[in-house]
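*Asks:* sharing a model prediction with you, sequence too.
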Amino acid sequence: MHRNRLLIAAALLFVIAAAPPPDVALTDENGRSVQFYGDLVKGHVVAVNFIFTTCTTICQPMSGTFAKAETLLAGRPNARLVSITIDPETDTPERLAAWKKRFNGGARWTMLTGPKDQIDRLRKALGVFTPDRINHTPTVVILDGPAGRTTRVIGLVSARAIVSAMEGSR
């Protein structure tokens, strides 16, 4: 138990009270249109990361961690995982569906693409924007919709640390 608390403390960058993120219109891996805040965040605790399917470095381990986190979140209906591409020109819903399948992702994990300007707007609002996708940071942003809090976690920590941070935001 003490070790888990140390991992969480090391993983958390900061927790802040925050305005809701913009309600940008995006498309999920099944081709359905979703409103980011209204459909996915409002009323939920959501861990969000930013990936792209042609990435050969941090995106693969971050996606593997999300797949493990999804298993750990079983029985928590209020918790969700969202991965948003930072290369929407390449990452179609079909490519994202294949990526999710590659990691055995389930219904609690949503993959999103959409207009680059809307994704960039969301990344800026969440404080994770970098102009060059190759140099994006491995950050998981945890949005606690009911409490209006945002927590940032280093995206290369364990699935258990991410889930603990999600639970700690409550």
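*Replies:* Now that the structure is in, tell me what you want to look at. Because the structure is a prediction, the values reported are computed rather than measured.
*Asks:* quick one, helices of the protein?
*Replies:* Assigned by DSSP state H, the chain shows helices spanning 2-11, 59-72, 93-102, 116-125, 159-168.
*Asks:* out of these, which gets nearest to Asp23?
*Replies:* Closest approach to Asp23 among the helices of the chain (CB to CB): helix 116-125, 9.5 Å. All C-beta spots, glycine's among them, are computed from the backbone N, C-alpha and C.
*Asks:* check which helices and strands the closest one sits against.
*Replies:* Packed against helix 116-125 by the contact rule (3 or more CB pairs under 8 Å, 6 or more residues apart in numbering; DSSP states H and E) you find strand 25-28, strand 79-85.
*Asks:* just name the most buried of those.
*Replies:* strand 79-85 (a mean of 25; mean count of other CB atoms under 10 Å).
*Asks:* show me what it is packed against.
*Replies:* strand 45-51, helix 59-72, helix 93-102, strand 109-113, helix 116-125.
*Asks:* again, only this time at 7 Å
*Replies:* Applying 3 or more CB pairs under 7 Å, 6 or more residues apart in numbering; DSSP states H and E, we find strand 79-85 packed against strand 45-51, helix 59-72, strand 109-113.
*Asks:* okay, these in a markdown table with mean neighbour count next?
*Replies:* Output for those, formatted as a markdown table (neighbours: other CB atoms under 10 Å):
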| stretch | mean neighbour count |
| --- | --- |
| strand 45-51 | 25 |
| helix 59-72 | 19 |
| strand 109-113 | 25 |
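*Asks:* Val141: which of the ones you listed is closest?
*Replies:* strand 45-51 (4.7 Å).
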